[in-house]
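Undergrad: what would the 3D arrangement of this be:
(3 chains)
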Amino acid sequence: MPQKSALAILAVLVTLMLGSFQAMHKAYPWPYPPMSHLIAERTGLQDAALITAGFRPLAADIAWIQLLQYVGGWILPGEQEVSRYLLLKDMTLRVTRIDPYFRQVYLYSAGMLAFFRNIDRPDEALEVLGEGIRTNPQFWPLRVTVAAIGFMRGEEFEPMVRLLEDVIAHPDCPPVTKSILANAYKAHHRDADARRIWELILGDPNAGMYHDKARREIVEIDTRQLLTPKI
Amino acid sequence: MTNVIDIQNVTKIYRKSHLGRTQESVGIKDLTLTVREGEVFGLLGLNGCGKTTTIKMLLGLLRPTQGTATLFGKVMPDPEVLKKIGYLPDAAYLPKHLTGLEAVTYYATLSKIPSEKRAQAVRSILEKVGMTAAANKKISEYSKGMFQRISMAQALVHEPSLLIMDEPITGLDPLAVREMRQLVSFLKAQGKTVFLSSHDISEVEKVCDRIGILAAGKLIAVAEQKDWANRAGHLEELFTATVSRSEGIGALKFS
Amino acid sequence: MIETFRTLIAYTFKEHIRHRLYLSLFLFGFILLMGGLVISALAVEQRGRMMLDLGFSAIEFLGLTTIVFVSVNLVLSEIENRTIYLVVSRPLARWQYIVARFIGTTLAVALSMAVMALLHAVLLLPYTGVISASTYVMAWLCSVAKLTVVGSLALALSLLTTSAPTAMTFTFFLWAIGHFSQEVRFLGEKSAHMGVKALVWFFYHVAPDFSYFNYRDFFYTATPPTWAWGLSLGVYAFSYTAICLWIASVVFSKREF
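TA: Numbers count the residues shown, from 1 in each chain, chains lettered A, B, ... in the order given. Model prediction:
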């Protein structure tokens, strides 16, 4: 091939490449935060390595598993108050800084932070939800959970449970939120509502971890109802 | 009669660079050589004298540092000229993952045999080289002799006008050597031109019309058949008189 | 010319499919996929997502290792065992050889990825709602496009460096740089030094931007990419690959044997 033709072809290809590069970025601005936003303590190298290798969602999934292991009782070195899960917020943000669109994580952790009595850190829950709303403005369960926390703080039970009922109706709602609502009903002696929620959990194939608890709770409620004298 | 091969003042210098230092070695120096149409030309020389370098320049695998190598009047490599050339290398460099049939078909296609004639051409050449029965076996399962036959088939499938053979009888048994000789005679009778390299004087003098003697990259002598025909041992005398070892080893001293 | 292309593509395809390494890598990928079944159980309620991500990662990892290894050795091995002699002494242009061999390689790798993707899709069947068929296909196509660019880089580097280990190292380095391009751009924006900005601009535009090929990263975002993005990505992948093949062809055409 004559040299001039070859160079002309190269020039066309380079122009195409640069033009399409610009068009690609213009059509879709990069949706992820820079790596400097990652929670780097302890696990920064692992996360950065996986993201650099092109496996961002996998990095987020591994971080999620490690969050579950933490919640499930795996103790991180140095943590003193095990049952208070002091690193829950940081571990949650670790997942969401890798993948801000991993929506279920916000609901999962915010639910535990706000509604678990042994944790009871609604401010951290709101911080987590706030970050989720910034990156997922269309995911309304986050806003609704914020409102529910507000009502919980104001000890307004009815508005809170109404909002949580909306949240659990969303297909992306994690089972922990359902169990939080069921326990809230139980605490307010609303057995019928609690039973309904536990049955929902029992019918959810993704809530395997909660099925045993759901069965126990349903049996407990049924037993209580049997033993309660009917007037 | 036209010149099929025309090499004019060709020099080939090999350059190797390593850590900023360049080493040069001369492959061929000022080679001028012509081969006529229909001729069988033999290039004789010791190992490392430049025979393979010359052949590679004819095929366009190497480019001359100086001078020109033309085949059929065109500077090499030329795609139209390459259609008319068959190349039989010194060893069978064949793709081992193919069967014999697949390999010959592959090379037949690359040699631009029209599709309507290809299957017949492949069948015919496999029959001629005696490889019809083994054609569907993988080349990796072939014996050395079978390699050689398929190598021959790929060189001849497209009926080239010029056959270039690099040390065609090295490593062959006496029967195979005879068959190779018969092939060259057959091609000559067909009016084809054959250019072969060798260091086997006895075979070269049996088949060639002319020979050239290469030593240390230079063409030292050219002899015609009439010079050695009916003069037993003359070519060997000419060869030993004109060639000295350049490999850096001395002669044997057992006399 | 079409016949020559078809023959070289078929030759290359057979070469890879019949190679023991191809089968080994494929088996390894299969094991990775099945391993995903076990590991994903740890993700509890996000098992479907984990199956999806592990599977995609395994398919891409398999594709990456295969295409880098075979592309780097594509021409170098033919030169080493001298089978190249019987090809370049024939009437075909050297660029035809390079392009056709590359297409054959890409097809072989795409086939292994397609088979793995089918198996992956079967494993995902119990997890309805985790991904739609069209989204899965789009993600798979983007992965193949990415590996096509990587393969062309590997081929060009193998001919430029003439050393398989060096070419592989540089290719994997560019793989990492390509996923790091947004960080590079971010650093360039933060810097006040003109020299740094110029260098960053150069790397940002010249190194391949692999991060944009990860369609899987985008489909949960607030606004998933549009067809305009898809078209630009296709043109980008094509032109980048073509540039690498152009370089490979030029180097190969000057090569002596």
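
Undergrad: just give the closest residue to residue B:64, not the sequence neighbours.
TA: In this structure, residue B:64 finds its nearest non-sequential neighbour in residue B:10, 4.5 Å apart by CB to CB, 6 or more residues apart in numbering or on different chains. C-betas here are computed from N, CA, C, even on glycine.

Undergrad: list the contacts for the one you found?
TA: B:28, B:30, B:31, B:32, B:54, B:57, B:64, B:66, B:67, B:68, B:69 (CB atoms under 8 Å, 6 or more residues apart in numbering or on different chains).

Undergrad: how close does the last one get to chain A?
TA: To chain A, residue B:69 is 21 Å away according to CB to the nearest CB, to the nearest Å.

Undergrad: pretty sure that residue is in a strand, no?
TA: Yes. Counting by DSSP: H, G, I helix; E, B strand; the rest coil, residue B:69 is part of a strand.

Undergrad: wouldn't it be in contact with residue B:55 here?
TA: No. Proximity of residue B:69 to residue B:55 does not meet the contact threshold set by CB atoms under 8 Å, at 10.3 Å.

Undergrad: would you mark the buried spots in stretch B:176-192?
TA: Residues B:176, B:177, B:179, B:180, B:183, B:184, B:187, B:188, B:192 are the ones in stretch B:176-192 that count as buried (16 or more other CB atoms under 10 Å in any protein chain shown).

Undergrad: which strand or helix spans the residue nearest the centre of chain C?
TA: In chain C, the residue lying closest to the centroid (CA atoms, centre = their mean) is residue C:147, at 0.9 Å. Here residue C:147 sits within helix C:133-161, counting by DSSP states H and E.

Undergrad: now do the very next helix or strand once past that helix: which elements does it pack against?
TA: The helix or strand immediately downstream of helix C:133-161 is helix C:164-179, counting by DSSP H and E. Applying 3 or more CB pairs under 8 Å, 6 or more residues apart in numbering or on different chains; DSSP states H and E, we find helix C:164-179 packed against helix A:44-52, helix C:47-80, helix C:133-161.

Undergrad: now helix C:164-179 and helix A:44-52, what's the angle there?
TA: 100 degrees (axes from the mean of the first three to the mean of the last three CA atoms, to 10 degrees).

Undergrad: what is the mean pLDDT for the helix or strand just after helix C:164-179?
TA: Sequence-wise, the next helix or strand downstream of helix C:164-179 (DSSP H and E) is helix C:181-190. Here helix C:181-190 scores 84 as its mean pLDDT.

Undergrad: please enumerate the helices of chain A.
TA: Here chain A has its helices, by DSSP state H, at A:3-27, A:44-52, A:56-71, A:88-98, A:103-115, A:122-135, A:140-153, A:157-168, A:175-187, A:191-202, A:208-227.

Undergrad: excluding covalently adjacent residues, which one is nearest to the residue nearest the centre of chain A?
TA: Ranked by distance to the mean C-alpha position of chain A (CA atoms, centre = their mean), the top residue is residue A:105 at 1.2 Å. Residue nearest to residue A:105 in three dimensions, not counting chain neighbours: residue A:95, with 4.9 Å by CB to CB, 6+ apart.

Undergrad: how much space between the one you found and residue B:176?
TA: 72 Å (CB to CB, to the nearest Å).

Undergrad: mind listing what's buried along stretch B:34-47?
TA: B:34, B:35, B:38, B:39, B:40, B:41, B:42, B:43, B:44, B:45, B:46.

Undergrad: name the SS class of the residue lying farthest from the centre of chain C, please.
TA: Going by CA atoms, centre = their mean, the residue of chain C most distant from its centre is residue C:192, 35.2 Å out. Counting by three-state DSSP, the backbone at residue C:192 sits in coil.

Undergrad: distance-wise, check it relative to residue C:185.
TA: For residue C:192, the distance to residue C:185 equals 16 Å [CB to CB].

Undergrad: also residue A:32?
TA: 12 Å.

Undergrad: could you do residue B:22 as well?
TA: From residue B:22 over to residue C:185 (counting by CB to CB), the distance is 42 Å.

Undergrad: and those two? which has more neighbours close in?
TA: residue C:185 (19 against 8; other CB atoms under 10 Å in any protein chain shown).

Undergrad: now for whichever residue of chain B sits closest to chain A, how many residues are close by?
TA: Residue nearest to chain A within chain B: residue B:79 (11.7 Å; CB to the nearest CB). Close neighbours of residue B:79, defined as other CB under 10 Å, add up to 13.

Undergrad: kindly report the same for the one 3 residues further on.
TA: Applying other CB under 10 Å, we find 23 other residues in the vicinity of residue B:82.

Undergrad: any idea which of the helices and strands packed on helix C:164-179 gets closest to chain B?
TA: The nearest among the helices and strands packed on helix C:164-179, by CB to the nearest CB, is helix C:47-80 at 8.3 Å.

Undergrad: which secondary structure elements does whichever helix or strand comes after the closest one sit against?
TA: Where DSSP H and E defines the elements, the next helix or strand beyond helix C:47-80 is helix C:85-88. With contacts defined as 3+ CB pairs under 8 Å, 6+ apart, helix C:85-88 has these neighbours: helix C:94-124.

Undergrad: tell me which other helices or strands the helix it packs on touches.
TA: helix C:2-17, helix C:20-39, helix C:47-80, helix C:85-88, helix C:133-161, helix C:227-254.

Undergrad: do I have it right that residue B:68 meets residue B:78?
TA: No. Look at residue B:68 against residue B:78 with CB under 8 Å: they stay out of range, at 12.0 Å.

Undergrad: looking at the two, which is more packed in?
TA: Comparing residue B:68 with residue B:78 by other CB under 10 Å, the one with more neighbours is residue B:78, at 17 against 13.

Undergrad: right, and the residue of chain B closest to chain A touches residue C:89 too?
TA: No. Using CB under 8 Å, residue B:79 is not in contact with residue C:89; the gap is 11.1 Å.

Undergrad: now list whatever residues contact both of these two.
TA: When CB under 8 Å, 6+ apart defines a contact, no residue borders residue B:79 and residue C:89 alike.

Undergrad: show me where pLDDT drops low in chain A?
TA: Counting by pLDDT under 70, chain A contains low-confidence residues at A:1, A:74-82, A:230-231.

Undergrad: need the residues of it near chain B, please.
TA: Proximity of chain A to chain B (CB under 8 Å from any CB of the partner chain) involves no residue at all.

Undergrad: burial count for the closest residue to residue C:7 other than its chain neighbours?
TA: Of all residues not flanking residue C:7 in the chain, residue B:109 sits nearest, at 4.2 Å (CB to CB, 6+ apart). If you count neighbours by other CB under 10 Å, residue B:109 ends up with 24.

Undergrad: and residue B:109, what does it touch?
TA: Contacts of residue B:109 by CB under 8 Å, 6+ apart are B:118, C:3, C:4, C:7.

Undergrad: which among those residues end up buried?
TA: The buried subset of these - by 16+ other CB under 10 Å - is B:118, C:4, C:7.

Undergrad: closest to residue A:206 out of the residues you listed?
TA: Taking CB to CB as the measure, residue A:206 lies nearest residue C:7 of the buried ones among the contacts of residue B:109, at 52.4 Å.

Undergrad: right, and that closest one touches residue B:108 too?
TA: No. Contact criterion CB under 8 Å: residue C:7 and residue B:108 do not qualify, at 9.1 Å.
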